[in-house]
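In: coordinates for the following, if possible.
(one chain, ligands or ions: 1)
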Amino acid sequence: MIEVEKLNKQYKENVIFNNFNIKFKDKSLTVLLGENGAGKSTLLRMITALEKPNSGKIYYFGKILTKRQVREEIGYIPQEIALFEHMTVNENINFFKALYKKTIPTKLIDSYCEKLNLSERTSKVSSLSGGTKRKVNLLIGLLGDPSILILDEPTVGIDLKSRYDIHQLLNALKETRLIILTTHHLDEVESLADEIKLIGSDPFYRNILEEKGWSFEDSLRNNGNLD
Ligand SMILES: Nc1ncnc2c1ncn2[C@@H]1O[C@H](COP(=O)(O)OP(=O)(O)OP(=O)(O)O)[C@@H](O)[C@H]1O
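Out: Numbering: from 1, shown residues only. Next comes the predicted model:
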């Protein structure tokens, strides 16, 4: 479980979170929904210890962790693809593997690649499609065997088949870990979400979720950040 308590975050005069509380359950995938600028990426970066809140606490499985412990516990897959383009997929895997204290065995990497339909392991990243690059980006985030996986729009701008492959793997992974994901795709919400948390103020999202009959938590409103 991740518990965010009384979190405050502002950029100069721009208040993003005001005494904000939210919880994420273990062994489930939570989708964070909200319009552009709602604060989804900011929240994920604070959970990942890449950014500091102005005040507030974040508990990971009941404990406060140091920055280094957070990095060991979390696999963070950012919106931007962060790979070495001039290296092959396998060379990227080996490079990033070397940065971790503990890593997953080669057999598990092979099995993740199989689930992702990722066969171009000896090709240079620069020659890969956008969808395949996103698959490799996800794979890199898994190398340290994280108990928490955080993905910021992992399937943005890719074809349906690649998105399906990524969904297959995420659906298998969520059985054993805590996953938080942001997306703007409703089909992604439908095929992946165990929990939906809305953090935007745009009524469009609220209305569409109600129309679909999906249960969701209205996080900013529950926290008194909205009227
Ligand atoms: N480093 C920063 N400096 C100043 N303002 C920032 C910074 N990062 C984010 N913001 C502001 O914080 C707000 C929330 O941004 P954030 O990127 O978290 O939104 P988001 O919900 O992830 O949006 P998107 O769906 O577009 O990714 C926005 O108003 C943004 O302009």
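In: ok, now which ones touch Lys102?
Out: Gly144, Asp145 (CB atoms under 8 Å, 6 or more residues apart in numbering). Bear in mind the C-beta positions are built from the backbone N, C-alpha and C, glycine included.
In: can you tell me how far it is from Thr176?
Out: 16 Å (CB to CB, to the nearest Å).
In: next, the buried residues of stretch 11-31.
Out: Ile16, Phe17, Phe20, Ile22, Phe24, Leu29, Thr30, Val31 (16 or more other CB atoms under 10 Å).
In: same question, stretch 66-84
Out: Here stretch 66-84 shows Val70, Arg71, Glu72, Glu73, Ile74, Gly75, Tyr76, Ile77, Pro78, Ile81, Leu83 as buried, counting by 16+ other CB under 10 Å.
In: so which of these are in strands?
Out: Ile74, Gly75, Tyr76, Ile77 (DSSP state E).
In: and the closest residue to Ala193 other than its chain neighbours, how far from the ligand?
Out: Leaving aside its sequence neighbours, Ala193 sits nearest to Val31 (CB to CB, 6 or more residues apart in numbering; 4.2 Å). For Val31, the distance to the ligand equals 13 Å [CB to the nearest ligand atom, to the nearest Å].
In: can you tell me which residues in the protein are near the ligand?
Out: Within the chain, the positions near the ligand by CB under 6 Å from any ligand atom are Tyr11, Asn14, Ile16, Gly34, Asn36, Gly37, Ala38, Gly39, Lys40, Ser41, Thr42.
In: farthest pair within those?
Out: Tyr11 and Gly34 (16.7 Å; CB to CB).
In: quick check: beta-bridge partners of the spatially most central residue of the chain?
Out: In the chain, the centroid-proximal residue (CA atoms, centre = their mean) is Leu151; its distance is 1.8 Å. Beta-bridge pairing for Leu151 (DSSP bridges): Ile77, Leu181.
In: my guess is it contacts Thr182. True?
Out: Yes: using CB atoms under 8 Å as the test, Leu151 is close enough to Thr182 to be in contact (7.3 Å).
In: pLDDT below threshold where in the protein?
Out: Applying pLDDT under 70 to the chain flags the ranges 221-227.
In: how far does stretch 75-92 sit from the chain's center?
Out: 16 Å (CA atoms, centre = their mean, to the nearest Å).
In: can I get it as PDB, trimmed to CA atoms?
Out: Extracted as PDB, the C-alpha positions of stretch 75-92 are listed here (Å, rounded to 0.1, in the frame of the first residue of the first chain):
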ATOM      1  CA  GLY A  75      10.100   0.900 -11.400                       C
ATOM      2  CA  TYR A  76       9.300   4.300 -13.000                       C
ATOM      3  CA  ILE A  77       8.400   4.400 -16.600                       C
ATOM      4  CA  PRO A  78       8.300   8.100 -17.700                       C
ATOM      5  CA  GLN A  79       6.300   9.600 -20.500                       C
ATOM      6  CA  GLU A  80       9.500  10.300 -22.500                       C
ATOM      7  CA  ILE A  81      11.300   7.300 -23.900                       C
ATOM      8  CA  ALA A  82      14.700   7.100 -22.200                       C
ATOM      9  CA  LEU A  83      16.800   4.700 -24.200                       C
ATOM     10  CA  PHE A  84      20.200   4.800 -26.000                       C
ATOM     11  CA  GLU A  85      19.200   5.000 -29.700                       C
ATOM     12  CA  HIS A  86      22.500   3.900 -31.100                       C
ATOM     13  CA  MET A  87      22.600   0.700 -29.000                       C
ATOM     14  CA  THR A  88      20.600  -2.500 -29.600                       C
ATOM     15  CA  VAL A  89      17.800  -3.600 -27.300                       C
ATOM     16  CA  ASN A  90      20.000  -6.200 -25.600                       C
ATOM     17  CA  GLU A  91      22.800  -3.600 -25.100                       C
ATOM     18  CA  ASN A  92      20.300  -1.300 -23.500                       C
END
